[in-house]
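Asker: Kindly return the folded structure for what I paste below:
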Amino acid sequence: MLNDSEILSPPAALSVIERETEALKFPMGSEAKTGSLLRTLAATKPGGAFLELGTGTGIGTAWILAGMDQHARLTSIDNDATVMAVARRHLGHDPRVTFHTVDGAQFLATLCGQQFDFIFADTWPGKYDHLDEALSLLKPGGLYSIDDLLPQPSWPDGHAAKVTALIADLHHRADLLLTTLSWSSGLIVATKRA
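Answerer: Residues are numbered from 1 along each chain as shown. Coordinates of the predicted model:
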């Protein structure tokens, strides 16, 4: 029987990262279903260049790394050194990932001309603002994924309108093919047209 709540083989570091996430009272970690999907999508890009915008405590990072092969490389950024310290502590030994504690908008500006096979945008820059800059970094055939599109308790006042505008913007882009998923926290997976 199909059971989408059954998450098989979670990353080894996930349980300790989740415990530390709870201890920090950090409410924005990726859900297990989202993580499982990220792992599967990451596996489609062997040797790929990956970009994670919004490391948080590294929950999504752990899932992405679990899907990447040994030749792939992940650049992960966050502006909050406290939460990112959890990711660094438990995932920083992996030579495939490089962490940057920096403002996302400023970091996107430094990437001009680079290309990524996979972008997971889990923070404002690259999602609610600086979207064009992020999508310009996506290779043809590359995957762009976002989550937290269904109402969340952590949303600030007025955020629902921003989500609606983002979804409409993505739907009207001729350079993307996308699938919306009213599942987990609400996701969009998009592919850049060749």
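Asker: Pull the residues that contact stretch 7-18.
Answerer: In this structure, residues lying in contact with stretch 7-18 by CB atoms under 8 Å, 6 or more residues apart in numbering are 29, 32-33, 35-36, 39, 57-59, 62-63, 65-66, 86-87, 90-91. For glycine as for every other residue, the C-beta is placed from the backbone atoms N, C-alpha and C.
Asker: If you count neighbours, what's buried in stretch 141-159?
Answerer: 142-149 (16 or more other CB atoms under 10 Å).
Asker: follow-up on the earlier one: can you tell me which of the contacts of stretch 7-18 end up in strands?
Answerer: Among the contacts of stretch 7-18, no member is found in strands (DSSP state E).
Asker: and the longest strand anywhere in the chain, C-alpha only, in CSV?
Answerer: Secondary structure of the chain per DSSP E: the longest strand is strand 138-146. Written as CSV, here are the backbone C-alpha positions of strand 138-146 (Å, rounded to 0.1, in the frame of the first residue of the first chain):
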residue,chain,number,x,y,z
LEU,A,138,20.0,27.8,-13.4
LYS,A,139,21.3,25.7,-16.3
PRO,A,140,18.9,24.6,-19.0
GLY,A,141,17.4,21.3,-17.7
GLY,A,142,18.2,22.4,-14.2
LEU,A,143,15.8,22.0,-11.3
TYR,A,144,14.5,24.9,-9.1
SER,A,145,12.7,23.8,-6.0
ILE,A,146,10.9,25.8,-3.3
